[in-house]
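Peer 1: Curious how this folds, go ahead:
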Amino acid sequence: MHKWLLGFAMLVAYCMAQRPLVPDLEAQRLAMKKLSFLTGRWSGEARIFRRPGETVELSQTEEAQYKLDGLVLMIEGVGRNKSDGKIALQALGLISFDDTLGKYRMRAFNDGRFMETDLILAEDGNGLRWGFSVGEVRTSSVLHLNENREWTEHTEIRVGSQPARKFMELRDLLH
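Peer 2: Down below sits the predicted model:
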């Protein structure tokens, strides 16, 4: 028993002597600068496809700004029903870059829930891909700045073994 305790104490001492992993802040800021195409205040239209034949038309705004000296990009989206101006969609996303894993990460908040996912920067540097899974529900989203510098976003949803269907489309212009 004493040998086990001595071995454990040596392991703890070794671990405590190791330097903690220090984030590479410059690598994080450099990676986050690649998302600068999103910064600003955007507004336009969105459609949510609830079920076949039921579409909700929204006036959509997105505001994207850097926080924590460029280490986090905060994006807040608000969609209001075109029919009555009431808020129908609110979301807040916080994007950061994990320099250890070399990945963008997003934590998004909506309707009293939050989700975390990886983001993939488009090869042309003007877009992102991500998705979420909650139980049997899976989403896949693509955000892109098109040739007219419009923010377009398309989301598909899949429930269980059903085929994917269009869930949301958005088109915003920078102001």
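
Peer 1: contacts for stretch 66-81?
Peer 2: Stretch 66-81 is contacted from outside by 25, 28-29, 32-33, 35, 38-39, 46, 48, 56-65, 86-97, using C-beta atoms under 8 Å, 6 or more residues apart in numbering. Backbone N, C-alpha and C define where each C-beta goes, glycine included.

Peer 1: from these, which would you call buried?
Peer 2: Using 16 or more other C-beta atoms under 10 Å as the burial test, the contacts of stretch 66-81 include 28-29, 32, 35, 38, 46, 48, 56, 58, 60-64, 88-89, 93-97 as buried.

Peer 1: re earlier: among the contacts of stretch 66-81, which lie within strands?
Peer 2: Secondary structure assignment by DSSP state E places 46, 48, 56-65, 87-97 of the contacts of stretch 66-81 in strands.

Peer 1: Okay, now the unreliable bits of the chain?
Peer 2: 1-20 (pLDDT under 70).

Peer 1: and the residue nearest to Gly127 when sequence neighbours are not counted, what is it in contact with?
Peer 2: Distances taken as C-beta to C-beta, 6 or more residues apart in numbering put His144 closest to Gly127, at 3.5 Å, once the chain neighbours are dropped. When contacts are counted by C-beta under 8 Å, 6+ apart, His144 touches Ala122, Asn126, Gly127, Leu128, Trp151, Thr152, Glu153.

Peer 1: contacting residues for the third one?
Peer 2: The contact partners of Gly127, by C-beta under 8 Å, 6+ apart, come to Leu121, Val142, Leu143, His144, Leu145.

Peer 1: Leu174 now?
Peer 2: Leu174 touches Gly40, Arg41, Trp42, Arg149, Trp151, counting by C-beta under 8 Å, 6+ apart.

Peer 1: thinking again about what came up before, from the contacts of Gly127, pick the one nearest Phe167.
Peer 2: Taking C-beta to C-beta as the measure, Phe167 lies nearest Val142 of the contacts of Gly127, at 12.0 Å.

Peer 1: Surely the closest one and Lys166 touch.
Peer 2: No. Between Val142 and Lys166 there is no contact under C-beta atoms under 8 Å: 11.8 Å.

Peer 1: Have a look at these two and say which one is more surrounded.
Peer 2: Neighbour comparison, Val142 and Lys166: the larger count goes to Val142, with 16 against 13 (by other C-beta atoms under 10 Å).

Peer 1: Name the helix or strand for that one, please.
Peer 2: Assigned by DSSP states H and E, Val142 belongs to strand 137-145.
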